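Trainee: Next input, structure requested:
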Amino acid sequence: MAIQSDKLALAHDPMTPRVMRVLKRCHDGPQTVTLDIEPGDSAPFQPGQFNMLSVFGVGEVPISLSGAPTDHDRLRHTIRAVGPVSTALTRLSKGECLGLRGPFGNGWPMQQAEGHDVVLVAGGLGLAPLRPAIYQLLSERERYGRITLLHGTRSPADILFHREIMAWRRHRNIDIEVTVDHAPPDWRGHVGVVTRLISSVPFETGNTLAFVCGPEVMMRFAIAALKDAGLGDETIYLSMERNMKCAVGFCGHCQFGPVFVCRDGPVFRHDRLGGLLNLKEI
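Mentor: As a prediction, the model looks like this:
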């Protein structure tokens, strides 16, 4: 009996990866793949949390969950091939194994957003960590005010979840604007950085929360635009990406000033970060 208890404790050790299998692999853009992974005994996750995914013999990286929190049959992660581990993950096929630890971190403030308008600003792959929040907002639509999604990408080919965005638009219960940096002749949408769209959003500044995810330079400009539009620091939430290693606040790799992104984030209210985003080499 003691041996079985020890095995159970080891299986739930946050530092020990659980072996999972890939259920489905979907191409979602240039060098971008979404993997559906069997959930095993994983705990339910909150929108905005992340898992540590590993390819045995290659390494481990933090990847945000990008599926619906209510989907208990699979864990969904959208991954762009930018390094050895993420590239190895994108090459996994159905039935192959990987390691998984998590979920970790604090997510988007879904309860605080109830009764408010919500503006979601996504730069590039930043739409993936926001997608679980969108699922929850739409599944509990009556609890929220106006919902607006602003998504910016390099080109039309880089638009994430294109078919899903079209489906959301058809339901007419979310306002969606997409912009690209570089447009081909047949593009009929917005051209330019996503932060330029913020000034055109007709939200109530005293009754709105903003969820922002993307490259840090994009988030700095988004914060400035949101504040120019009347939002306060206490109503702007950011998802930070850092070099998480342990995911439980031990190693210090993801320290960002006085906070650890893995333990205290990855979602932070802007007033908690203060001016850290504007300081170099933090």
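
Trainee: Please report how far Met244 lies from His253.
Mentor: Using Cβ to Cβ, to the nearest Å, Met244 is found at 7 Å from His253. Heads up, the C-betas are built off the backbone N, CA and C, glycines and all.

Trainee: of the two, who's got more company?
Mentor: Met244 (25 against 14; other Cβ atoms under 10 Å).

Trainee: Now do the SS call for the more buried one.
Mentor: coil (DSSP: H, G, I helix; E, B strand; the rest coil).

Trainee: tell me the contacts of it?
Mentor: Contacts for Met244 were tallied using Cβ atoms under 8 Å, 6 or more residues apart in numbering; they are 50, 52, 62, 104, 253-254, 261-262.

Trainee: where's it relative to Asp264, distance?
Mentor: Met244 is 12 Å from Asp264, by Cβ to Cβ.

Trainee: First-to-last residue distance for stretch 181-189?
Mentor: By Cα to Cα, to the nearest Å, the extent of stretch 181-189 from end to end equals 11 Å.

Trainee: how many neighbours does Val217 have?
Mentor: A count of neighbours around Val217, defined by other Cβ under 10 Å, yields 11.

Trainee: That one sits in which helix or strand?
Mentor: Secondary structure assignment for Val217, by DSSP states H and E: helix 216-228.

Trainee: So which other helices or strands are in contact with whatever helix or strand comes next after that helix?
Mentor: Per DSSP H and E, the first helix or strand lying C-terminal to helix 216-228 is strand 236-239. Packing partners of strand 236-239 (3 or more Cβ pairs under 8 Å, 6 or more residues apart in numbering; DSSP states H and E): strand 208-213, helix 216-228, strand 267-269, helix 270-273.

Trainee: domains of this structure?
Mentor: 2-104, 110-278 (automatic domain parsing).

Trainee: of all those domains, which has the lowest average per-residue confidence?
Mentor: Looking at the domains of the chain, the lowest mean pLDDT belongs to domain 2-104 (a mean of 89).

Trainee: chain center to it: distance?
Mentor: Here the centre of domain 2-104 is set off from its chain's centre by 14 Å, with Cα atoms, centre = their mean, to the nearest Å.

Trainee: What lies in contact with the helix or strand hosting Val119?
Mentor: Following DSSP H and E, one finds Val119 within strand 117-123. Strand 117-123 is contacted by residues 130, 133-134, 137, 144-152, 194-195, 198, 201, 203-204, 207-215, 218-219, 222, 226 when judged by Cβ under 8 Å, 6+ apart.

Trainee: ok, and for the strand ranked longest in the chain, which residues are buried?
Mentor: Secondary structure assigned by DSSP state E gives strand 18-29 as the longest strand of the chain. Using 16 or more other Cβ atoms under 10 Å as the test for burial, strand 18-29 gives 18, 20, 22-23, 25, 28-29.
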